[in-house]
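>>> here's a sequence, model it:
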Amino acid sequence: SGSTPALTPAEVAQLFASFREDRPHDLRDRALISLMLYGFLRISAVLALRREDVDLLAGPALVQVLEKGGMLRSIPLHARAHADLVAYLAKVPRARGELLFGPLSGKRSTAPGKPMRREQVYAMIRRRVSKAGIDRVAGCHAFRTTGITRFLAQGGRIEVAAHLAGHVSLRTTQLYDRRQRDAAAAELALLSF
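Below you'll find the model as predicted:
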């Protein structure tokens, strides 16, 4: 199994409750995290997104992502990720051709063509997790792991998780499947002497 920790549902709720609706940075960070959590996206794919890559009016709403290895694919947006993107873009509009996520200064981007760096996102996540009172180290990949792990635990099919995550092999997706480990721990707890 994979070594990246998954956040608990309570920790995810705690994190999302810490975002404010009136701050552009909060809206940007929540939308960015939502895409990793609810879309199973890698941080590199999220940071490469441009405004035209997201179709919020389609039914279902879609995001077109360029994954590692140059694979271009279109996937549906979860309702929460959709709502978070709509709220973000209402406060910080992006024109066609502009990157969705860039450094912010005040109400507009300081450099619309300049993407955020992974290091900036990692630092943001560390700050957000700490500010939310979550006593755990979490990086970008923790949200992708949390989304896939929770999807599988709630009965999602591994083939669908593999498709959404852009995994070429089911063996990769199985690294996120912690159902047997959790079931074994629950049964082991029944052991007594």
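>>> which of the helices and strands in the chain ranks last by mean pLDDT?
Every helix and strand in the chain was compared by mean pLDDT, DSSP states H and E; the lowest is strand 108-109, with a mean of 44.
>>> so where's the chain uncertain?
In the predicted model, the chain carries pLDDT under 70 at residues 1-2, 105-113.
>>> give the contact list for the residue positioned nearest the centre of it.
Nearest to the mean C-alpha position of the chain, by C-alpha atoms, centre = their mean, lies Met36 at 1.4 Å. By C-beta atoms under 8 Å, 6 or more residues apart in numbering, the residues touching Met36 are Arg42, Ile43, Val46, Cys140, Phe143, Arg144, Gly147. C-beta: built from backbone N, CA, C; applies to glycine.
>>> can you list those in a markdown table and add neighbour count and secondary structure?
Supplementary listing: the contacts of Met36 in a markdown table, determined by neighbours: other C-beta atoms under 10 Å; DSSP: H, G, I helix; E, B strand; the rest coil:
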| residue | neighbour count | secondary structure |
| --- | --- | --- |
| Arg42 | 19 | coil |
| Ile43 | 21 | helix |
| Val46 | 25 | helix |
| Cys140 | 22 | helix |
| Phe143 | 28 | helix |
| Arg144 | 23 | helix |
| Gly147 | 28 | helix |
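>>> now these as CSV including distance to Val63?
Formatted as CSV, the entries for the contacts of Met36 read as follows, by distance: C-beta to C-beta, whole Å:
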residue, distance to Val63
Arg42, 13
Ile43, 14
Val46, 9
Cys140, 17
Phe143, 15
Arg144, 14
Gly147, 14
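>>> pretty sure Val129 sits against Cys140.
No: using C-beta atoms under 8 Å, Val129 is not in contact with Cys140, being 11.4 Å away.
>>> list the buried ones in stretch 45-55?
Of the residues in stretch 45-55, those with enough neighbours to count as buried (16 or more other C-beta atoms under 10 Å) are Ala45, Val46, Leu47, Ala48, Leu49, Arg50, Asp53, Val54.
>>> same list (the residues you listed) but as TSV, adding distance to Arg23 and secondary structure.
Formatted as TSV, the entries for the buried residues of stretch 45-55 read as follows, by distance: C-beta to C-beta, whole Å; DSSP: H, G, I helix; E, B strand; the rest coil:
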residue	distance to Arg23	secondary structure
Ala45	25	helix
Val46	20	helix
Leu47	20	helix
Ala48	24	coil
Leu49	21	coil
Arg50	23	strand
Asp53	24	helix
Val54	21	strand
